[in-house]
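S.K.: fold the following.
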Amino acid sequence: MKKDIHPDYDYVVFKDSFTGHSFLTRSTRKSAETTKWEDGNEYPLVTVEISSDSHPFYTGKEKHYKKEGRVEKFRRKYQKNSGKK
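M.R.: Residues are numbered from 1 along each chain as shown. From the prediction side, this is the model:
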């Protein structure tokens, strides 16, 4: 193998932003944010929106991530003003 062409493959903590579930694995992802893991060592922290802890395929149930969509929020905001004109 050629030297200095492969990215660093090291331990990283991934955290699900919806459920708060964290897991330690190896990855090439980089992060400036760090966290202390159960073993007492400090590892880079990568926050993800969906992991196996929150994905409907793995959990078997649907979870609603957004309470309200962008379009509904826009309509609700400007519906109040449209009646005054």
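S.K.: just the strands in the protein please.
M.R.: All strands of the chain, identified by DSSP state E, fall at 10-16, 22-27, 34-36, 42-48.
S.K.: what is the mean pLDDT for stretch 1-8?
M.R.: For stretch 1-8, mean pLDDT rounds to 86.
S.K.: and S17, what does it touch?
M.R.: 47-49 (C-beta atoms under 8 Å, 6 or more residues apart in numbering). Heads up, the C-betas are built off the backbone N, CA and C, glycines and all.
S.K.: same thing but 6 Å
M.R.: S17 sits next to 47, 49 when contact means C-beta atoms under 6 Å, 6 or more residues apart in numbering.
S.K.: neighbours of L45, just the number please.
M.R.: For L45, the tally of surrounding residues (other C-beta atoms under 10 Å) stands at 17.
S.K.: who is it paired with across the strands?
M.R.: Beta bridges link L45 to V13, judged by DSSP bridges.
S.K.: that one contacts A32, doesn't it?
M.R.: No. Contact criterion C-beta atoms under 6 Å: L45 and A32 do not qualify, at 9.2 Å.
S.K.: where does the protein dip in pLDDT?
M.R.: Low-confidence segments of the chain (pLDDT under 70): 56-60, 62-68, 81-85.
S.K.: in it, where's the longest helix?
M.R.: Ranked by residue count under DSSP state H, the longest helix found in the chain is helix 70-82.
S.K.: if we can go back for a sec, can you lay out the strands of the chain as JSON lines showing distance to K80?
M.R.: What follows is the strands of the chain, written out as JSON lines (distance: least, C-beta to C-beta, whole Å):
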{"stretch": "strand 10-16", "distance to K80": "36"}
{"stretch": "strand 22-27", "distance to K80": "41"}
{"stretch": "strand 34-36", "distance to K80": "43"}
{"stretch": "strand 42-48", "distance to K80": "35"}
